[in-house]
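Participant: Below: sequence and its predicted model.
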Amino acid sequence: MIESSIARRYSRALVELAREEDKLEAYGGQLKDFYALCAEVPPLLDTLTNRFFDITARLKIVDRLAEKLNLALPVKNFVKLLIKKGRIGLLAEISAEYQRALHELQNRAVATVVSAKELSDSVVSEIRTILAKKTGLEVVMEKEVKPSVLGGVCVRIGGVVYDGTVRAELNRLTEKMMGG
C-alpha cells in the first residue's frame, strides 16, 4: 500500500513536468521503454537497485542507457533520482501509474479483457463500444489469454470487474452448493 502511494507520488511529479513541457506521451513512452529494458534484462535492474554497488557507477549505467534509448534529459534525470532515493525498485509501479495518469488526462480508461482463447477484433471492438457507452470515456483495450478461465470473458476497467467466465460461474455454483 505504501509502495503504491510512493509510486503514485513519483509518477505525478514526472507527469507534471511532462505536462509543463507538453511531452506527456513522449516521457511516458521513454519511461516505459526504460522499464521494458530492465524487465528484459533482470541483472540490469538488480544492479541499479543494489546499494552495494557504487552509486556513481549505477548513474553512469543510466547515462549510457539513456544515450542508447535516446531518453530526454528530464526522463534520464528522473531515473537517476529514483536511484539516488532508493526507489528504482518501484520502476514498474511508477511506469504503470504514469500510464494511468496519462490516460486519465486524455479522458481514457484502460480495460483488460481476459479470455480462454484469443478474441477476434470484432468481439474486442464490441466490448470496447459497450464500455465506452457505460463509462463515457474512450476505452483502450488490453487483451490477456488465460486458458484457466475455461470460457467466457472477464473485463477489468478501473476498479470494476465484470466476470463472465466459466471458472467464475463454477466457483459461484460451488459456493451455493457448499452453503456459502
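Facilitator: Happy to help now that I have it.
Participant: got the residue ranges for the strands in this structure?
Facilitator: If DSSP state E is used as the criterion, the strands of the chain fall at 108-115, 138-145, 153-157, 160-163.
Participant: right, so of those, which gets closest to R172?
Facilitator: Of all the strands of the chain, strand 160-163 sits nearest to R172, with 9.2 Å by C-beta to C-beta. Using the backbone N, CA and C atoms, a C-beta is placed for each residue, glycine as well.
Participant: which regions of the protein sit below the pLDDT cut-off?
Facilitator: Applying pLDDT under 70 to the chain flags the ranges 1, 180.
Participant: switch the cut-off to 90
Facilitator: The chain contains residues with pLDDT under 90 at 1-5, 96, 100, 103-111, 116, 134-137, 140-142, 148-152, 156-180.
Participant: For the strands of the chain, give me CSV that also has mean neighbour count and distance to P42.
Facilitator: Shown next, in CSV, are the strands of the chain (neighbours: other C-beta atoms under 10 Å; distance: least, C-beta to C-beta, whole Å):
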stretch, mean neighbour count, distance to P42
strand 108-115, 19, 24
strand 138-145, 14, 22
strand 153-157, 18, 27
strand 160-163, 14, 30
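Participant: I'd like the ones you listed as a markdown table, with distance to I2 appended.
Facilitator: Shown next, in a markdown table, are the strands of the chain (distance: least, C-beta to C-beta, whole Å):
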| stretch | distance to I2 |
| --- | --- |
| strand 108-115 | 24 |
| strand 138-145 | 27 |
| strand 153-157 | 23 |
| strand 160-163 | 24 |
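Participant: Out of those, which is closest to D121?
Facilitator: Here strand 138-145 is closest among those (C-beta to C-beta), at 9.9 Å.
Participant: Determine the set of other helices and strands touching that closest one.
Facilitator: strand 108-115, helix 121-135 (3 or more C-beta pairs under 8 Å, 6 or more residues apart in numbering; DSSP states H and E).
Participant: For D63, find the nearest of these.
Facilitator: Of those, nearest to D63 by C-beta to C-beta is strand 108-115, at 32.4 Å.
Participant: still on that earlier bit, the strands of the chain: which one's closest to L82?
Facilitator: Comparing the strands of the chain by C-beta to C-beta, strand 108-115 comes nearest, at 23.4 Å.
Participant: Thanks again, I'm all set now.
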